[in-house]
Each structure stands twice: as C-alpha cells, then as structure tokens.
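# just need the structure, nothing else, for what follows:
(2 chains)
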Amino acid sequence: MGEVKKMIEARKLNKYFGDLHVLKDIDFSVDENNVVVLIGASGSGKSTLLRCLNFLEMKNSGDILIEDKSIDPKKSDLNKVRQKVGMVFQHFNLFPHKSVLENVIEGPTQVKGTSKRQAIKDAKELLDKVGLADKEDVYPEKLSGGQKQRVAIARSLAMRPDIMLFDEPTSALDPELVGEVLETMKALAKEGMTMVVVTHEMGFAREVSDWVLYMHEGKIVERGTPSDLFDNPQEKRTQAFLSSIL
Amino acid sequence: MFIDFIHYLGHLWEVFIESKGIFLDATVLTLRLTVLSIFIAIFIGLFFALLKTTGVKVLVWIANTYIFLVRGTPLIVQIFIFYYGLSYGPLQISGFWSAALGLAFHNGAYIAEIFRGAIQSIGKGQTEAGRSIGMTSWKTMKRIILPQALRRALPPLGNQFIIGLKDSSLAAFVGLAEIFNVSTTMGSADFDFMTYLLISAVYYLILVFLLTLLVSFTEKKLAVSD
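This is a model prediction of the structure:
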C-alpha cells in the first residue's frame, strides 16, 4: 500500500483573540482526496481553525504544514501558499465591480500570469461545471445566493488549488438554495478534491465526508467516520450537540 | 421701487455683456487653477489615504500630521505661505503655480479623508477574497478595493470639487486675475462694486452647475457597471 499524502496538517495549534483562547492545541491532518467536515456550535473555533489554515488568521503557536512543508508566515511566501489552498466564504465575497467571468479569471490572469485567452477558456469550463455557463456576463448583484456561491467556488477552482476550504458555504443561503451548492461540492468531492468543510449540514457530512471532527470550546473533542460519529458518539458533549441539532 | 429694480436689472445685463470678454478670460484662469489644483489634490489625497490604511504607525502619523496642519489653519494663510514661500524663495515658482499648489495641498487633506472613509467602507471580506486567491495586499488594494472605493467616494468628492472651485477665489489675494479678483477690480474702477460682485456670482453659479452635472453624469456612468 502506497504512502498516503497528507495535504494539510495542524500541530499543537493555538490561537488567541486578546485574552480569549480560541484554539487549544489543535492537532489534525487531512489526507489527499479526503473530505473532512468540522462541526460544532458557533463559537467553538471551527471557522477560526479554517482561517488559520489559509493564514487569513495568524496562529499564535504551533505548526501548519501544507503538503508536508511547515509554513512560517514570516518566511514563506503566503501568496504562493494561498494559491494552493482555495477558500470559499460564508458571504461569497464576489467582486461586485466585476462580471462573473471577470471574477473567475481575476486570479489566473493577475496572480498566475495565465494569458487572458486561456483564462477565459478555463473559466468557461468551470462555469459550465458549476452550472452557470449562461451567466458569465452578469454582475454578482443579479445572482441569487446559491448562484453567487457557485461562482465563488468556480473563482477559487480557477487557481487549480490542491485543497479547498469551505467556511459555512451554505449558512447565508435561503433554504431552497442550499441544495445546488451542496451538489456542486459533492461533485467536487467525487473528483477527488481534498476538502475541509465547516458546515451545519449534517446530511452533507454524513454522505460526503471521510472524517467528521466535532469541536467544542476550541478543542477537537471527537473525531471519526461519519457513521461512527453520528450513530455512535462516544463523548457526552458530542452526544449533547448531536441531539440538540438532529 | 419696482421700477428701480427693473432699471437695475437692465443695467446689470448691460454691464454683464460689456464685461463678457474680461470675465471669460478670468473664467479660464479660474478653471485652470481649479482643474490643476484638484487634479494634484486627488493624487495627494490618494497617497495620504493609502498611508493611513497601511496601519504602519509612522506612516499613519505622517498622514495625520498633514491633515491636522491643513484642517487646523485657514486656507488663505496656506495660500499666502505657499505664495511667499515658493514665488519669492529660491524656487521662484510663478504666482499661478504657487496658488495652485497651495489649493492642492489644502484640498488634498479633505480628499484624503474622503478616500480613507471610502476604502474603509469596503467590507473586509473583499480583501480576504483577494488574498485567498493569492493576490498581494497591494494588488488587492489596486484591483479590488480601490475601484469600489472610488465609486463610493464620488458623491463626497464632487462636493469637495465644488468647494475647491469656489475656494479658488482666494487666489485673488495673491494677485491672480481670476473671477473674484476681476469683479472687485472692475467694481472699484467703475464705482459699481455690487454689480460686478453679482456678475461674478453668476459665473460661479454657472461653473458649479456644470461641475454638478459632470459629477452626476459620471456617477450614473459608473453605476451602470456596478
């Protein structure tokens, strides 16, 4: 059996906001092609953990390794690191002054130096993949929340990342629009994308993820396969959380 | 009484027509002064606004000091300092340029605050989105934040341009033959001060009106692609 590649890893990660200890000695890793879902109550540190992995928040101590390389924010070129680690936000954060197509080609043309013609060709394929081929000339304000999020996914994919981070990608959506975004994410998982997903969608976690991590007050309290964690939680706090939401 | 008023209007119109040539020359000078000083002020304003948004202590301090000095002193004092400092000093810059630079220095501080407010009004998520696709902070500022901020800055900028246009009248005190200066000079010479002042007011009104149209046209134009 070949060695499984660790795509992203956190070791003894600690993060404070002032006096508040938000992440406490977090240890976890994500293997290539795996989907890891982080669940937990709000304020448990899931989003902060995700943002630390992308260096949008800076850890206070511990190590973050991307593809087995430790990243020191002071020495490493974080812009290079972020090209490999795509991020999808709760509030989409599309560029409102750019059309859908311009949103998607912005990264490749401005960061990677891809020619505009090539970037447009790639962007059209990506938009087709997320089901928005007919929207390329539209500005974000004309899109529904679900469409915005799918454009945001396409924009992130345009950088050809090795890992994708999703920070509550469906939490800001009307209920009837959640499905289309989850479908897009499922398709991505099927293609073998390595994904870390913070979500409250337990159905998605159960169906798609390889591992589920339950966080509580800055710690990973329990981890397991979806069937272990959802059907047979060992920890009292996990049981309490699951019974409160299911 | 009413008859007197009608008479006066007739007189005003006559003087307006007679003095057309000299006032048009003055208008050209006012416009040159305004356009040049505002053009420079936009760059000064952008520069100091960016300094303030860096969060680097020294740079923020420099920007705050500049704004403090400008806001804390009267424009006429600043224009005189520029005029005597630049045109009589070793630099020997013309009266026109020293007035233009004085006005630019002044408007730059207010425009800096307008830009800073507009930049800070763009949500943090936009910066994060830019950074997350690997853009540098400067590129994110240039391509993502500034284009949105400039649009938001346009209404208060238009307001500042109008103030700048009217404040150019203070250049009269350093001897430039712009609209206000011409009106007081002609008014004293003809012993008809009020008439010439009213005429100058008409010229300013027309200029401000045209400037307002230009700004709202630009706003609409930019709103289309928003």
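
# from now on I want contacts and neighbour counts done on CA atoms only, so please keep to that.
Will do.

# longest helix of chain A?
helix A:175-190 (DSSP state H).

# downstream neighbour of that one in the secondary structure list?
Sequence-wise, the next helix or strand downstream of helix A:175-190 (DSSP states H and E) is strand A:194-198.

# which residues does the longest helix of chain A contact?
A:33-35, A:130, A:145-146, A:149-150, A:169-170, A:195, A:204, A:208 (Cα atoms under 8 Å, 6 or more residues apart in numbering or on different chains).

# check the secondary structure at whichever residue of chain B sits closest to chain A for me.
Using Cα to the nearest Cα, the single residue of chain B nearest to chain A is B:Gly134, 4.4 Å away. Three-state call for B:Gly134 (DSSP: H, G, I helix; E, B strand; the rest coil): coil.

# pretty sure it sits against A:Thr109.
No: counting by Cα atoms under 8 Å, A:Thr109 is not a contact partner of B:Gly134; they are 11.4 Å apart.

# where does the prediction get shaky in chain B?
B:224-226 (pLDDT under 70).

# can you map out the strands along it?
For chain B, strands defined by DSSP state E do not occur.

# what does chain A put close to chain B?
A:54, A:56, A:78-83, A:85-87, A:91, A:93-98, A:107, A:110-111, A:139, A:156, A:159 (Cα under 8 Å from any Cα of the partner chain).

# next step: those restricted to helices.
A:Leu78, A:Asn79, A:Lys80, A:Val81, A:Arg82, A:Gln83, A:Gly107, A:Ser156.

# which residues touch the residue of chain A found nearest chain B?
Per Cα to the nearest Cα, A:Asn79 is where chain A lies closest to chain B, at 4.4 Å. Contacts here follow Cα under 8 Å, 6+ apart; on that basis A:Asn79 touches B:Arg131, B:Ser132, B:Ile133, B:Gly134, B:Met135, B:Thr136.

# and B:Ser87, by the same measure?
B:Ile93, B:Ser94, B:Gly95, B:Ser98.

# what segments of chain B are helices?
Under DSSP H, chain B gives helices at B:2-18, B:20-54, B:57-72, B:75-82, B:95-121, B:124-132, B:137-140, B:146-167, B:179-189, B:193-224.

# dump those helices into JSON lines; add distance to A:Glu67 as well.
Shown next, in JSON lines, are the helices of chain B (distance: least, Cα to Cα, whole Å):
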{"stretch": "helix B:2-18", "distance to A:Glu67": "79"}
{"stretch": "helix B:20-54", "distance to A:Glu67": "32"}
{"stretch": "helix B:57-72", "distance to A:Glu67": "36"}
{"stretch": "helix B:75-82", "distance to A:Glu67": "59"}
{"stretch": "helix B:95-121", "distance to A:Glu67": "36"}
{"stretch": "helix B:124-132", "distance to A:Glu67": "18"}
{"stretch": "helix B:137-140", "distance to A:Glu67": "24"}
{"stretch": "helix B:146-167", "distance to A:Glu67": "34"}
{"stretch": "helix B:179-189", "distance to A:Glu67": "70"}
{"stretch": "helix B:193-224", "distance to A:Glu67": "44"}
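
# what's the most buried one of those helices?
helix B:95-121 (a mean of 23; mean count of other Cα atoms under 10 Å in any protein chain shown).

# relative to helix B:146-167, how tilted is that one?
140 degrees (axes from the mean of the first three to the mean of the last three Cα atoms, to 10 degrees).

# can you name every helix or strand that helix B:95-121 contacts?
helix B:20-54, helix B:57-72, helix B:75-82, helix B:146-167 (3 or more Cα pairs under 8 Å, 6 or more residues apart in numbering or on different chains; DSSP states H and E).

# what do you get if the cut-off is 6 Å, keeping everything else the same?
Under the contact criterion of 3 or more Cα pairs under 6 Å, 6 or more residues apart in numbering or on different chains; DSSP states H and E, helix B:95-121 touches helix B:20-54, helix B:75-82, helix B:146-167.

# roughly how far is it from the heart of the chain?
From the chain centre to the centre of helix B:95-121 is a distance of 8 Å (Cα atoms, centre = their mean, to the nearest Å).

# quick check: the residue of chain B closest to chain A vs A:Leu126, distance?
19 Å (Cα to Cα, to the nearest Å).

# who's more crowded, those two?
B:Gly134 (27 against 22; other Cα atoms under 10 Å in any protein chain shown).

# quick one, phi/psi of the more buried one?
Here is the backbone geometry of B:Gly134 (degrees, to the nearest 10): phi 90, psi 10.

# now do the contacts for it.
A:Asn79, A:Arg82, A:Gln83 (Cα atoms under 6 Å, 6 or more residues apart in numbering or on different chains).

# for A:Thr48, which three-state class applies?
A:Thr48 is classified as helix under three-state DSSP.

# gap between it and A:Thr194?
19 Å.

# neighbour count for these two, which is higher?
A:Thr194 (25 against 20).

# and the closest residue to B:Arg71 other than its chain neighbours, how far from B:Gln160?
Distances taken as Cα to Cα, 6 or more residues apart in numbering or on different chains put B:Ala109 closest to B:Arg71, at 7.5 Å, once the chain neighbours are dropped. B:Ala109 is 11 Å from B:Gln160, where distance means Cα to Cα.

# ok, A:Met195 next?
50 Å.

# ditto for A:Leu143
35 Å.

# hmm, back to that, which one of the helices of chain B lies nearest to A:Lys24?
helix B:124-132 (24.2 Å; Cα to Cα).

# tell me what that closest one is packed against?
Against helix B:124-132 (3+ Cα pairs under 6 Å, 6+ apart) you get no helix or strand.

# for that helix, give me every contacting residue.
By Cα under 6 Å, 6+ apart, the residues outside helix B:124-132 that reach it are A:Arg82, A:Asn93, B:Thr140.

# what about the strands in chain A?
Under DSSP E, chain A gives strands at A:6-17, A:20-31, A:35-39, A:61-66, A:69-70, A:85-88, A:163-167, A:194-198, A:211-216, A:219-224.

# so which of those strands is nearest B:Ala49?
strand A:6-17 (27.8 Å).

# just checking: what are the partner strands of that closest one?
strand A:20-31 (antiparallel), strand A:61-66 (antiparallel) (DSSP bridges).

# what's near enough to touch A:Ala133?
Counting by Cα under 6 Å, 6+ apart, A:Ala133 makes contact with A:Leu127.

# ugh, typo on my part, it should be B:Gln160
So B:Gln160 contacts nothing (Cα under 6 Å, 6+ apart).

# need phi/psi at B:Gly123.
Dihedral angles (degrees, to the nearest 10) for B:Gly123: phi -60, psi 150.

# residues near it, how many?
11.

# and the gap between it and A:Glu222?
35 Å.

# follow-up on the earlier one: in JSON lines, list the strands paired with strand A:6-17 along with distance to B:His11, mean pLDDT and mean neighbour count.
What follows is the strands paired with strand A:6-17, written out as JSON lines (distance: least, Cα to Cα, whole Å; pLDDT from 0 to 100; neighbours: other Cα atoms under 10 Å in any protein chain shown):
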{"stretch": "strand A:20-31", "distance to B:His11": "77", "mean pLDDT": "94", "mean neighbour count": "18"}
{"stretch": "strand A:61-66", "distance to B:His11": "83", "mean pLDDT": "93", "mean neighbour count": "19"}
